[in-house]
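> Structure, please.
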Amino acid sequence: MKVVSLVVSSLALLISAAGLAISIVSLVHKSEKNSHIL
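I've put the predicted structure just below:
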């Protein structure tokens, strides 16, 4: 049971990290489209 909880927690962490990366990339892309300062 301890291994299963470890896998679930690591999977949740991976999903949250992927979501954060996607939001950062979309934010940078949007700011680049709005102004060419970056």
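> other SSEs contacting the helix or strand containing residue 6?
For residue 6, the element it lies in under DSSP states H and E is helix 2-34. Packing contacts for helix 2-34, counted by 3 or more CB pairs under 8 Å, 6 or more residues apart in numbering; DSSP states H and E, involve no helix or strand. The way it works is simple: take the backbone N, C-alpha and C, and place the C-beta from them, glycine included.
> what about it, average pLDDT?
Across helix 2-34, the average pLDDT comes to 92.
> how far does it sit from the chain's center?
For helix 2-34, the separation from the chain centroid amounts to 2 Å (computed by CA atoms, centre = their mean, to the nearest Å).
> Could you number the chain from 28 rather than 1 from now on?
Sounds good: first residue 28 from here, last item helix 29-61.
> Can you get me a residue count around residue 43?
Neighbourhood size, residue 43 [other CB atoms under 10 Å]: 10.
> ugh, typo on my part, it should be residue 60
Per other CB under 10 Å, the neighbour tally for residue 60 reads 8.
> That one and residue 44, how far apart?
The gap separating residue 60 from residue 44 is 25 Å, by CB to CB, to the nearest Å.
> Also residue 54?
With distances taken as CB to CB, residue 54 is found 16 Å from residue 44.
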